[in-house]
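> Sequence and predicted structure, then a few things I'm wondering about:
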Amino acid sequence: MKENRNDPQAYFKLSYGLFVLTAKDGEKDNGCIINTVQQLTDTPKRITVSVNKSNYTHDMILKTGEFNVSVLTEDAYFAVFEHFGFQSGRDTDKFAANPALNRSENGIIYLSDCVNAVISGKVTDAIDYDTHTLFVADVTEAFVLSDAPSVTYSYYFEHIKPKPERQNNKKKGYVCKICGYVYEGETLPDDFVCPICKHGADDFEPLF
Ligand code: FE
């Protein structure tokens, strides 16, 4: 087997966790999936998150300087990834159909279903890296919701992501060539960004 010295799959060996990042802009709430949350320092408690600029949640955080991270567990349904990964949220309210909304002390929504911990951040630095912004934030609140194990990308790939070959052949969709993420729908938006591996619409191909 020939080695590919520039293989995007290598990054998944890092086994990222998967998180729902939420924010609000005064008018509405929004959320997206991210895979990069790191504790930066312990004293003070400080974290970093990297957020793709094409997601509206990014703009909200840039504007308000505040966000929540909900840590997804192995119980997370594929529907959660679909819901928070398929659109930027610029023109829609991703929480409109949600009957039970929890808010932390900063007033921002967090998820409680399939989530084992929530961390609130207040941005101290926003560093521009082309397609992404790296937010450095002081932790203002952090609480545990359950003992369920955090989901890793590997677990998502093995147990949560639908297997294309087992799907109903009639189903229209697109699969990410990099990580296998499946987008169900007639057409893939040009500005779509894979919530798992951060690659764009160019790296997707039709399922069938
Ligand atoms: Fe992907």
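Alright, I've got the coordinates.
> Summarise which helices and strands the strand ranked longest in the chain is packed against.
As assigned by DSSP state E, the longest strand anywhere in the chain is strand 115-129. Helices and strands touching strand 115-129, by 3 or more CB pairs under 8 Å, 6 or more residues apart in numbering; DSSP states H and E, are strand 46-52, helix 56-64, strand 66-72, strand 132-144. Every C-beta, even on glycine, is put in place using the N, C-alpha and C of the backbone.
> Comparing the ones you listed, which stretch has the densest surroundings?
strand 66-72 (a mean of 25; mean count of other CB atoms under 10 Å).
> okay, the angle between that one and helix 56-64?
Inter-element angle recorded for strand 66-72 and helix 56-64: 140 degrees (by axes from the mean of the first three to the mean of the last three CA atoms, to 10 degrees).
> Show me which residues of the helix or strand following strand 66-72 are buried.
Reading on from strand 66-72 to the C-terminus, the next helix or strand found by DSSP states H and E is helix 78-85. Buried positions in helix 78-85, judged by neighbour count with 16 or more other CB atoms under 10 Å: 80-85.
> Then stretch 37-44?
Under 16+ other CB under 10 Å, the buried positions of stretch 37-44 are residue 37.
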